[in-house]
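In: only geometry, no sequence info:
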């Protein structure tokens, strides 16, 4: 009986001791479990954040790659445009150089032409004839026509020339009548040159001067006969034509062989003969 009691007591002590241990263990492990659960939950949240971050990083990387590709494409296009612009600039430079060369050549030719034009007054008297007329008449005689025929044989269509036709009368009659008569005489010569010899009308300069510039100041019949005339003068500019073709060469030849224009064009042959008939 005593042994049973002891056994029961020991068993009770052990049971009480076991219950206390379980309670201690439970009380001890509960905070740890809570901490573990908290850490696990935080880990899950961190894992989700990491996954979200990876997704964002991936999206940013994709955008960056897209931007880099677009930038590379734009850079390539810009480089092509730059090369094309450089090529166009080179072509423009070549054209500018060619234009400058052409301008230099044009300026050189213009300078030569200006030099030639400056000497355009070098038309020189090539030939001349004085066509006589009867008193108060303006029709050409056969002899006058022959004189004009001889004069025109020296005129070549491919030469630079012009013909001056100056009509005159004697001093008999009024000034107005003589001026009109001198123009009729000059016009008769012009019509013959144009109709018979096909001289272009623009090459002929005609004027009627009446009783001006008499070749003989005398008052007798012979003097008046000399003054009833039409002076036909052919002026040539062969040297000017040669200068247009070869300015340097013809300029040298002009300086060596051609006298000044003023010495040949201002004094017609009809006025060079001395006046030997005395006034009456």
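Out: Sure, I can see it. Because the structure is predicted, anything quoted here is derived from the model rather than measured. Numbers count the residues shown, from 1 in each chain.

In: those strands in the protein, which residues are they?
Out: In the chain, the segments counted as strands under DSSP state E are 124-132, 161-167, 204-208, 229-236.

In: For residue 33, which of those is the nearest?
Out: Smallest distance to residue 33 across these (CB to CB): 133.0 Å, for strand 161-167. All C-beta atoms are positioned from the backbone trio N, CA, C, and that covers glycine.

In: From the contact counts, what lies against the closest one?
Out: The contact analysis (3 or more CB pairs under 8 Å, 6 or more residues apart in numbering; DSSP states H and E) places strand 161-167 against helix 175-197, strand 204-208, strand 229-236.

In: Tell me which of these sits most buried.
Out: Here the criterion is mean neighbour count by mean count of other CB atoms under 10 Å, and of the helices and strands packed on strand 161-167 the winner is strand 229-236, at a mean of 22.

In: Give the pairing partners of it; include direction for each.
Out: Strand 229-236 has the following strand partners under DSSP bridges: strand 124-132 (antiparallel), strand 161-167 (antiparallel).

In: Okay, now the unreliable bits of the chain?
Out: Low-confidence segments of the chain (pLDDT under 70): 1-26, 102-103, 105-122, 156-158, 238-280.

In: how about the helices in the stretch 51-200 of the chain?
Out: All helices of the stretch 51-200 of the chain, identified by DSSP state H, counting those that start in this stretch, fall at 142-152, 175-197.

In: buried ones in stretch 220-231?
Out: 223-224, 226-231 (16 or more other CB atoms under 10 Å).

In: Please report the distance of residue 132 from residue 152.
Out: 18 Å (CB to CB, to the nearest Å).

In: of all the strands of the chain, which lies closest to residue 42?
Out: Across these, closest to residue 42 is strand 161-167 (CB to CB), at 118.6 Å.

In: Helix 175-197 and the closest one, what's the angle between them?
Out: Relative orientation of strand 161-167 and helix 175-197, computed by axes from the mean of the first three to the mean of the last three CA atoms, to 10 degrees: 140 degrees.

In: contacts for strand 161-167?
Out: Contacts to strand 161-167, defined as CB atoms under 8 Å, 6 or more residues apart in numbering, come from residues 123, 126, 155, 181-187, 189-190, 193, 199, 203-209, 213, 230-237.

In: quick one: residue 27 from residue 209, how far?
Out: Distance of residue 27 to residue 209, given as CB to CB: 154 Å.

In: Of the two, which one has the most company?
Out: residue 209 (16 against 9; other CB atoms under 10 Å).

In: so that one sits right up against residue 182, yeah?
Out: Yes: counting by CB atoms under 8 Å, residue 209 touches residue 182, with 5.8 Å between them.

In: shared neighbours of the two, which are they?
Out: 167-168.

In: For residue 148, grab the count of nearby residues.
Out: By other CB under 10 Å, the residues close to residue 148 number 20.

In: again with residue 39
Out: 11.

In: From residue 33, how far out is it?
Out: 11 Å.

In: between the helices of the stretch 51-200 of the chain, which one is nearest to residue 46?
Out: Per CB to CB, nearest to residue 46 of these: helix 175-197, 118.9 Å.

In: quick one, what contacts the residue nearest to residue 169 when sequence neighbours are not counted?
Out: Leaving aside its chain neighbours, residue 169 sits nearest to residue 178 (4.1 Å; criterion: CB to CB, 6 or more residues apart in numbering). Going by CB under 8 Å, 6+ apart, residue 178 touches 169-172, 210-211.

In: How about residue 155?
Out: 126, 161, 163, 197, 199, 234.

In: The last one and residue 154 touch, don't they?
Out: Yes: Residue 234 is within contact range of residue 154, at 6.8 Å (criterion: CB under 8 Å).

In: Name the residues contacting each of those two.
Out: Residues touching both residue 234 and residue 154 (CB under 8 Å, 6+ apart): 126-127.
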